[in-house]
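Peer 1: Sequence and predicted model, in that order:
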Amino acid sequence: MKQPAVVNYAPEKGSVELREVPRPSIGREDVLLEVAAVGVCGSDLHQWTADHSWPVNYPVILGHEFGGTITELGTDVKGWKEGDRAVSETAAIIDPLNPMSRVGLYNLDPTRKGFGYGTDGAMTTTVRVPSRCLHRVPDKLPFEQACLTEPCCVAYNATVMNSSIRPGDRVVVLGPGPIGLLCAAMARLCGAQVAVAGLERDRGRLEIARQYGCEPIVEGLKEWARARDGLGADGVIDAAGVSATLKMAMDVVRPNGWISKVGWGRDPVGFSLDPIVQNNIRLQGSFSHNWAMWERVLCLLADGQLDVTLITGGIWPLEDWHTAFETMHSGEIAKAVLKPQ
C-alpha cells in the first residue's frame, strides 16, 4: 500500500519532491500514527536548500514536528489505544544504554537519530513512531497547534533550562525566526523584559514579537540593552542561523551575564572569544529537549499561556508543500503547517 510523502532524496539543492512511498510497518514497541498536522522547520528548509550541517540518510521523508491519531499498536505497547491523540518527540532512534540516555538526556546521545533526517519523518499520511516518544494531546488543543510542541520545547530548553532568567531581567533575542520568537515568548513568561533583534527584511516577523509583548529592534540594539545601567543585557539568546551573531551577543551582554546559543551556524566564527573570558560570560549551547520539557510545554499550550497561533502564517495540504516551503523561506511568514489528511 502506497502513500504520498515529501521526500528529500539527495544532497543537492532542491532535491525534495512529493513521492509515493510504501505505508510503514511497525515493530512490537511502535505505533502507527495517522498524521493530522506537521510543522515545517527551518531544518527542513535547510535540507531543501542543501545548506545544512548535519548528516542525512537519503532518501528520507521530511518532518519532525507532528501530531496525530494512533491507528495501530505494536504487541508490546502499553498505556495507549487506537484513537488516542498524541504528539511525538524527535529522538526516533537512541541507544538506551548510552550514559546520556540512562540519565534522561537521550537528546544528547551521540548515536541519536531524529525523524526527518536520520529516519523517515511525518510529511506523509502515516508514520511509524516508537511508543516511548509519545505524549498525550488534550482534546481542547487542536493538532495545528499541538504539532508545534517540538519547536516550543526547543525554545523552552534554550530559555528556561539553559539560561538563568529572573523577573525584571533584560533579555535580548537575536533572530526573529520561529525559534527566536518562541524563545522571546518563553522569556516573557519568565518575567523578563525582552527585545527581539532582526534585519529590515524581518519587519513582519518582528511584529509577531511585539504581539508577544517584546520590543522589536532593527537599529539601536546596544542602546536598548544598556538602557538600565549602561552595562548591557542580563542575557542573550542567539537564535539566528549565522555564526556572526555570537559576536553581536558578546557585544550587548553585560559582565557576568549569559549567552544561550540555540541557532546553528556552520561558518567559522572568525573573531576572538577573549571577551567571554574577560567579562566572565557564561556561554551555553542548547540542543533539542527531553520528556519532562514536552510535558511542561503541552501544559502551557493547553492552558493558553503560550499562543503558537501568532507564529503560524498558513496551513497547506501536503501536495502544496512547495508553496509552504517557499512562503516560509521568503520570510513572508514565520511558520508553515502541512495537513496531510
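Peer 2: In hand now; what should we look at?

Peer 1: Find the nearest non-adjacent residue to Thr119, please.
Peer 2: Ala92 (4.8 Å; Cβ to Cβ, 6 or more residues apart in numbering). Every C-beta, even on glycine, is put in place using the N, C-alpha and C of the backbone.

Peer 1: Thought Tyr117 was touching that neighbour, still the case?
Peer 2: No: judged on Cβ atoms under 8 Å, Ala92 makes no contact with Tyr117 at a distance of 9.8 Å.

Peer 1: Show me where the stretch 51-200 of the chain has its helices.
Peer 2: Taking DSSP state H, counting those that start in this stretch as the test, the helices found in the stretch 51-200 of the chain are 99-102, 143-146, 149-156, 178-189.

Peer 1: Turn these into JSON lines, columns for mean pLDDT, distance to Arg132 and mean neighbour count.
Peer 2: Compiled in JSON lines, the helices of the stretch 51-200 of the chain are given as follows (pLDDT from 0 to 100; distance: least, Cβ to Cβ, whole Å; neighbours: other Cβ atoms under 10 Å):
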{"stretch": "helix 99-102", "mean pLDDT": "98", "distance to Arg132": "11", "mean neighbour count": "15"}
{"stretch": "helix 143-146", "mean pLDDT": "98", "distance to Arg132": "18", "mean neighbour count": "22"}
{"stretch": "helix 149-156", "mean pLDDT": "98", "distance to Arg132": "16", "mean neighbour count": "27"}
{"stretch": "helix 178-189", "mean pLDDT": "98", "distance to Arg132": "25", "mean neighbour count": "28"}
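
Peer 1: is it possible to export the ones you listed to CSV including distance to Asn279?
Peer 2: Shown next, in CSV, are the helices of the stretch 51-200 of the chain (distance: least, Cβ to Cβ, whole Å):
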stretch, distance to Asn279
helix 99-102, 31
helix 143-146, 40
helix 149-156, 26
helix 178-189, 21
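
Peer 1: burial measure for the nearest residue to Glu65 once chain neighbours are set aside, as a count.
Peer 2: Counting by Cβ to Cβ, 6+ apart, Glu65 lies nearest to Gly39, which is 3.4 Å off, once chain neighbours are set aside. Neighbourhood size, Gly39 [other Cβ atoms under 10 Å]: 29.

Peer 1: quick one: contacts for Gly39?
Peer 2: Taking Cβ atoms under 8 Å, 6 or more residues apart in numbering, we find Gly39 in contact with Gly63, Glu65, Phe66, Cys147, Leu148, Glu150, Pro151, Lys335, Ala336, Val337, Leu338.

Peer 1: I am finished for the moment; much appreciated.
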